[in-house]
Each structure stands twice: as C-alpha cells, then as structure tokens.
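**Q** Generate a structure from the sequence data that follows.
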Amino acid sequence: MTIREVEHSITVAAAAPAVYRLLAEVANWPRIFPPTLFAEQAESQGTRELIRIWATAGGKAKNWTSRRTLDEAASRITFRQEIPAPPVAAMGGTWIIEATGAQSCRVRLLHDYRAIDDNPADLAWIDEAVDRNSRSELAALKENLEAACAAQEHTFSFTDSVRIQGPAAAAYSFIDEAHLWSQRLPHVASVRLSEEDPGLQLLEMDTRAKDGSVHTTKSWRVTFPHHKIAYKQVTLPALMSLHTGIWTFTQERGPQGPSTLASSQHTVTLNTANIEAVLGPQATPADARSYVHTALSTNSRATLEHARNHAENQIGDTAGSGQQAGQRSS
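**A** Got it, this is the predicted structure:
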C-alpha cells in the first residue's frame, strides 16, 4: 500500500492566532475560501468534530463531510475525508500555523493520500491534482486571510426577526419558493431560480431600490427543510465585498398552537474602496455600514412580514375550510 505524503506552505501577513481561528471556526470559511458557500459543524465531541461543507467547483455546487481534530495550543488542525472521490482511496492532512512575527505567520498544508488499488497512473493524477489545488488554494487563502483580518473592523452581523402564529413549515415554504417572489414581494422585479441538486439552489434576482433603480444579485442557497436556508451572495453591490446570511425558523408550542420565530441573519464586509463613489466624498465607513444595514434590513423585514402574512393566511384558510366542512356534514 503506497501512501504519499506532501507539504505546501505560504507566508501570511496576519497574526497566527487570528489565522488559526479563521480556519478552526468553519462558519468563517465563506469569508476565506471563495468557493465555499456554507460550512457547519455537524457533530462535536471535545476537540473532534464532523464538518459539512458546500462549495462550488467548475460552476457547480457540491458538498462533502470531513472529520477534524483541533489543537489550539499547537495551532494544528488535522482532517480526514469521510468518503473520498475515486480514484482516491483515502485522503487526509494537517493545517499547521506557525508564528513568524507579531503580524505574520507561516501556514503549512500537509496531505497524505493513496490511490485505489495502488494504481500508478491514478496516483500520478492525484499527485498533480493535490499539487495544483494546494498551490492555488494557499495563494487564494493568503489573500483572503489577510483581507479578512484587515477588514475585521468593517465586518459586521445583524439579525431581523418576526413571530409567526403557525408552524415553521408554512413560513419556510415562503422563503424556499423564491421563484414566486416577483409575485409576492413588491421590491422584487424578477427572479430566476434553479435547483439542479435537491437542497442546492442558484438564485438570481432583480431588486428595486427606493430610488427606483434595479439591482441584480446572484446567490447560492443551501436549504434544510423546514429549519433554515443559508446563502452566499456571489454577485455583490459596490459597497460589499462579502455578504452571507441564514434564514432560520424555530418552532415552539404555545397554548394557541404552534408559533415560529422566523429570522434573517446577515454577515457583511464593507468594500471601503467604493464608499466615496457610492456615498460621496464626505462619507465614512460608519455611514456605509449604516447605509448597507438599513438597505438589507428593510428588505429582510419586508420579506419576513410577507412570509408571516402568507403563513398566517394559510392557517386561517385551513381553519375556515375545516369549519365549512363541519357545517356541511351537520
């Protein structure tokens, strides 16, 4: 059995603890790995965890799971793919972050792997793929880690919520059925929604601003019926260099039946280079933050209110139909 072990590394102009945290907390991955759409911790036991990742490759979205062990004291993260794709028989490795200064570190990426049946041609193919991908991944990672650390003060999150008198499924369906938003939401001019694989959606939308202008956005969405919908916007307005979000639906049982807390959470990084062009020469990052927050929150709240009306009207229509059926049978 032939096991290949290789190493790639790069120097990053960012503090080692900050780099380790960005790599260790998978919720950060859409910020530092451009292909990553969404990542979450599926299981956790001490320093060991199972993570699930959704990412694009060649214009298409895919997902996989990986086992990781975190060692914060040593700044090491080991990983092992659960189900490698042929011709790979096994694939794992280690991230090692070594401080080289107060604001610099060396990121080492180690891989170990083997080919199915030790096929020499397949092993050569894996060698080339790992080398190519590791070099390009580390180069992109360096750029994005440095940008993420530098933009930390310009990155912020916020959440809007409404209480809906009804089950989570009714509210979830309104957000899931985005292909109907141009009929249901006044600020949406048109929508294109595709779902080649169940649970992975590509949403392109033309949205009307308050001044009447129309802006086109494109987002990948990962759906979890009837619990949440996560997304990453890949066509961004001028004032944002990152926009990710999660719609969540938390159902509770009350004396009047089920109720749902529906929320829209946003994480944004400002594109400070465009502030003057968009908001004028006197505008500050605080002005841009307020502008973006207000614009996103206004649309989120409008969508949540329409989701509430839709869900509660559905409940009312169902109750009314039940009463009429009872009257006809009496």
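
**Q** neighbouring strands for the helix or strand that contains V222, and are they parallel or not?
**A** V222 belongs to strand 214-224 when assigned by DSSP states H and E. For strand 214-224, the paired strands and their directions (DSSP bridges) are strand 200-208 (antiparallel), strand 228-235 (antiparallel).

**Q** Out of these, point me to the one whose mean pLDDT is lowest.
**A** Per-stretch mean pLDDT for the strands paired with strand 214-224 is lowest at strand 200-208 (a mean of 92).

**Q** Wait, E252 touches P258, no?
**A** Yes. Using CB atoms under 8 Å, E252 makes contact with P258 at a distance of 7.0 Å. C-beta: built from backbone N, CA, C; applies to glycine.

**Q** which of these two has more neighbours?
**A** Shown here are E252 and P258; by other CB atoms under 10 Å, P258 has more neighbours (16 against 10).

**Q** tell me which residues of the strand holding V222 are tucked away?
**A** Within strand 214-224, the residues that count as buried by 16 or more other CB atoms under 10 Å are 219-224.

**Q** and what of stretch 78-91?
**A** Across stretch 78-91, burial judged by 16+ other CB under 10 Å covers 78-79, 81, 84, 87-89, 91.

**Q** can I get those residues in JSON lines with secondary structure?
**A** Converted to JSON lines, the buried residues of stretch 78-91 look like this (DSSP: H, G, I helix; E, B strand; the rest coil):
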{"residue": "T78", "secondary structure": "strand"}
{"residue": "F79", "secondary structure": "strand"}
{"residue": "Q81", "secondary structure": "strand"}
{"residue": "P84", "secondary structure": "coil"}
{"residue": "P87", "secondary structure": "coil"}
{"residue": "V88", "secondary structure": "strand"}
{"residue": "A89", "secondary structure": "strand"}
{"residue": "M91", "secondary structure": "strand"}
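
**Q** Could you check the pLDDT of the residue nearest the centre of the chain?
**A** The centroid of the chain falls nearest to F38 when counting by CA atoms, centre = their mean (3.2 Å). Note on F38: pLDDT of 95.

**Q** what about it, which SS state?
**A** Following three-state DSSP, we place F38 in the strand state.

**Q** if I pick it, what's in contact with it?
**A** For F38, the contact set (CB atoms under 8 Å, 6 or more residues apart in numbering) comprises 30, 53-54, 222, 230-232, 244.

**Q** what's near enough to touch the residue lying closest to it once chain neighbours are set aside?
**A** The shortest distance from F38 to any residue other than its chain neighbours is 4.3 Å, reached at A230 (CB to CB, 6 or more residues apart in numbering). Applying CB under 8 Å, 6+ apart to A230 gives the contacts 37-38, 40, 221-222, 224, 244-247.

**Q** Kindly export stretch 144-151 (C-alpha atoms) in PDB.
**A** Extracted in PDB, the C-alpha atoms of stretch 144-151 (Å, rounded to 0.1, in the frame of the first residue of the first chain):
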ATOM      1  CA  ASN A 144      -8.400  36.200   1.800                       C
ATOM      2  CA  LEU A 145      -6.900  35.700   5.200                       C
ATOM      3  CA  GLU A 146      -5.100  39.000   5.000                       C
ATOM      4  CA  ALA A 147      -8.200  40.700   3.700                       C
ATOM      5  CA  ALA A 148     -10.400  39.100   6.400                       C
ATOM      6  CA  CYS A 149      -8.000  40.200   9.200                       C
ATOM      7  CA  ALA A 150      -7.600  43.700   7.800                       C
ATOM      8  CA  ALA A 151     -11.300  44.100   7.300                       C
END
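
**Q** distance between that stretch and the chain's centre?
**A** Put simply, stretch 144-151 sits 17 Å off its chain's centre (CA atoms, centre = their mean, to the nearest Å).

**Q** number of nearby residues for the residue nearest to W220 when sequence neighbours are not counted?
**A** Excluding the flanking residues, the one nearest W220 by CB to CB, 6+ apart is L37, at 4.5 Å. By the criterion of other CB under 10 Å, L37 has 25 neighbours.

**Q** you'd agree L37 is up against K218?
**A** No. The pair L37 and K218 does not pass the contact test of CB under 8 Å, sitting 11.9 Å apart.

**Q** secondary structure class for P34?
**A** Strictly by three-state DSSP, P34 counts as coil.

**Q** what are the phi and psi values for it?
**A** Note on P34: its backbone torsions stand at phi -50, psi -40 [degrees, to the nearest 10].

**Q** Distance of the closest residue to it other than its chain neighbours relative to A262?
**A** Excluding the flanking residues, the one nearest P34 by CB to CB, 6+ apart is A140, at 6.3 Å. From A140 across to A262, the span is 35 Å (CB to CB, to the nearest Å).
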